[in-house]
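[1] predicted model and sequence below, questions to follow.
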Amino acid sequence: MWSQIKIKNHLIACELLDKIKDSAFEFIRKNPNTTEYQVQEFILEEFKKNNILAAKPHNFPIVAFNESAASPHYFPKKVSKKLTPNTLVLIDIWARLKQRNAPFSDITWMAYYGKEIPEEIQEVWNIVKDARDFSIKFIEEELKNRRFPKGIEIDNIARKVISDAGYYENIKHTTGHSIGFNSPHGNQKGIGQKNNNRIIKNLGYTIEPGIYLKDKFGVRSEIDFYINDSLEVVITTPVQKELIKIMPDKS
């Protein structure tokens, strides 16, 4: 369980990551010839400026354009995809304060670089968003009955939303995980099919459902939350409601 100081440190990290996420999308807008790797390097520089740490061994943010995002754990190399008109952009970043036992924050946001979001991408985004939101709603309803849901039960909610929409085969990872201090993934079992344990009060978790279409694109939305002493779900990161539209800088 997290102490109040750990929760405070987590919240500070959440605020910093949200600011860096915004800066990364602005960097993309101003640099129409950028690559996945260059955006990743920009984010790492922002980490340094804000005095926060990523995690080893996976200490590099995920920046994925179009079909790169179809792989949930894609990391760009120096030679990587270049931004072009009509590009779906996925940014997954995690970091913590440079303090002992400071918890991570871990977020994923999506944007579209172009004038009109394709119907298929919009449809998949809406499904992922619903899977995320229904998962949180389920937790809240369970807590009203003073019952802490199991990881597998929350995972089942997200999977049902995605499966009912016809994308069962495109689920490539669990719905979420606990949040740690040495890694964004904590020591507690995650929100997935292998966890029959109940989630814990005053401990951070992610909710991050996704749909991944091979050789096309992938969509994921990730938020952080914990359950407080009043048995309320406290979402600690901003919640993305719509795909961000990035229009090329005309200056």
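    Looks like it arrived, so ask away. Keep in mind that this is a model prediction, so the values were computed, not measured.

[2] moving C-terminal of the least confident helix or strand in the chain by mean pLDDT, what's the next helix or strand?
    For the chain, counting by mean pLDDT, DSSP states H and E, strand 52-53 ranks last in confidence among helices and strands (a mean of 90). Downstream of strand 52-53, the next assigned helix or strand under DSSP states H and E is strand 62-65.

[3] mind exporting the C-alpha coordinates of that following strand to PDB?
    Output of strand 62-65 as PDB, limited to C-alpha atoms (Å, rounded to 0.1, in the frame of the first residue of the first chain):
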ATOM      1  CA  ILE A  62       7.100   4.100 -27.000                       C
ATOM      2  CA  VAL A  63       6.400   6.300 -30.000                       C
ATOM      3  CA  ALA A  64       4.700   4.400 -32.800                       C
ATOM      4  CA  PHE A  65       3.200   5.600 -36.100                       C
END
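
[4] now tell me what touches that strand from outside.
    Contact with strand 62-65 is made by 24, 36-37, 39-40, 43, 71, 73-76, 81, 83, 87-93, 108, 218, as judged by CB atoms under 8 Å, 6 or more residues apart in numbering. No exception for glycine: its C-beta is placed from N, CA and C like everyone else's.

[5] could you redo the last one with a cut-off of 6 Å?
    Strand 62-65 has contacts (CB atoms under 6 Å, 6 or more residues apart in numbering) with 36, 39-40, 74, 76, 81, 87, 89-92.

[6] could you do stretch 109-121 as well?
    Taking CB under 6 Å, 6+ apart as the rule, stretch 109-121 contacts 21, 25, 85-91, 240, 243-246.

[7] just the strands from the stretch 1-150 of the chain, written as ranges.
    For the stretch 1-150 of the chain, the strands defined by DSSP state E, counting those that start in this stretch occupy 52-53, 62-65, 87-97, 105-113.

[8] in JSON lines: those, plus distance to Phe148 and mean neighbour count.
    Listed next are the strands of the stretch 1-150 of the chain as JSON lines, based on distance: least, CB to CB, whole Å; neighbours: other CB atoms under 10 Å:
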{"stretch": "strand 52-53", "distance to Phe148": "31", "mean neighbour count": "20"}
{"stretch": "strand 62-65", "distance to Phe148": "30", "mean neighbour count": "26"}
{"stretch": "strand 87-97", "distance to Phe148": "25", "mean neighbour count": "25"}
{"stretch": "strand 105-113", "distance to Phe148": "21", "mean neighbour count": "25"}
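
[9] picking that back up, Ser230: which of the contacts of stretch 109-121 is nearest?
    For the contacts of stretch 109-121, the closest approach to Ser230 (CB to CB) belongs to Gln240, at 26.0 Å.

[10] next, find the distance separating that closest one from Asn33.
    26 Å (CB to CB, to the nearest Å).

[11] now do Ile52
    Ile52 sits 28 Å away from Asn33, going by CB to CB.

[12] one step back: check which helices and strands the least confident helix or strand of the chain is in contact with.
    Where contact means 3 or more CB pairs under 6 Å, 6 or more residues apart in numbering; DSSP states H and E, strand 52-53 is packed against strand 87-97.

[13] need the contact partners of the strand it packs on.
    9, 13, 17, 24, 47, 52-54, 61-66, 69, 102, 104, 106, 108-113, 121, 184, 217.
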